[in-house]
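Engineer: Structure of the sequence below:
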Amino acid sequence: MSTLAQSRQPCEEAFRQILAHRTMLKAYISAIVRDPVRAEDIFSEVTIQIIRSWENYDQARPFTHWSRGVARRVALASLRTENRQALLLEEGVLDNIAREVDELGDETALERRKEALRECMERLPEHERDLIRQRYFEERTYQDIARLASKRVGALYVRFSRLHHALRRCVEHKLRLA
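Structural biologist: The predicted structure is shown next:
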């Protein structure tokens, strides 16, 4: 094998790992910087840093923990550079976010979860799918939806709470069966 081919292998493996965990990394970065455009820029820088430091990565350790450490350093350095320290989250909050994004799993697990959610959504009556579309796809407030539907906001909160619970149960059931 040529020297060039040997040097590409670690970069390719690093890139594969990044792609397999990109949703987790983007979610973690977004939680830190709270700006979707800035998070995309930082994700690009994190990708570069991971590839550059791949030879220092101890592959006996989980990639998720190591890559999140890289993401945290890059994101916090970016915020400091922009004098945005007031927005920084406490260390414990970042650790809680890390635990939550771990539960997302890799891209394959996330795709299974999204497919299960799609199937569960299809089972809902049309009027409930419409509520979800308005809230999460059109990003309407509860107040706007209540006004359009001639309902009380409190009743809408109860309805969404029940919908969330039903969808969560359905998704969990489908994932257990898979």
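
Engineer: and the residue nearest the centre of the chain, what element?
Structural biologist: In the chain, the centroid-proximal residue (C-alpha atoms, centre = their mean) is residue 27; its distance is 3.4 Å. Element membership for residue 27, per DSSP states H and E: helix 22-33.

Engineer: any chance you could map the helices in the protein?
Structural biologist: Under the criterion DSSP state H, helices of the chain are mapped to 3-20, 22-33, 36-52, 63-81, 91-102, 107-123, 126-132, 142-149, 153-177.

Engineer: Single out the most deeply packed of those helices.
Structural biologist: Here the criterion is mean neighbour count by mean count of other C-beta atoms under 10 Å, and of those the winner is helix 22-33, at a mean of 21. For glycine as for every other residue, the C-beta is placed from the backbone atoms N, C-alpha and C.

Engineer: Quick check: mean pLDDT of that helix?
Structural biologist: Helix 22-33 shows a mean pLDDT of 87.

Engineer: what angle sits between that helix and helix 63-81?
Structural biologist: Put simply, helix 22-33 runs at 30 degrees to helix 63-81, going by axes from the mean of the first three to the mean of the last three C-alpha atoms, to 10 degrees.

Engineer: Mind giving me the packing neighbours of helix 22-33?
Structural biologist: helix 36-52, helix 63-81, helix 91-102, helix 107-123 (3 or more C-beta pairs under 8 Å, 6 or more residues apart in numbering; DSSP states H and E).

Engineer: mind checking pLDDT for residue 102?
Structural biologist: For residue 102, the predicted pLDDT is 67.

Engineer: ignore the last one, residue 110
Structural biologist: Reported pLDDT at residue 110 in the predicted model: 73.

Engineer: do the same with residue 135
Structural biologist: At residue 135, the predicted lDDT confidence score is 87.

Engineer: Tell me how far it lies from residue 109.
Structural biologist: 25 Å (C-beta to C-beta, to the nearest Å).

Engineer: same check, this time on residue 155
Structural biologist: Look at residue 155 and residue 109: by C-beta to C-beta, they are 35 Å apart.

Engineer: Cool, thanks, signing off.
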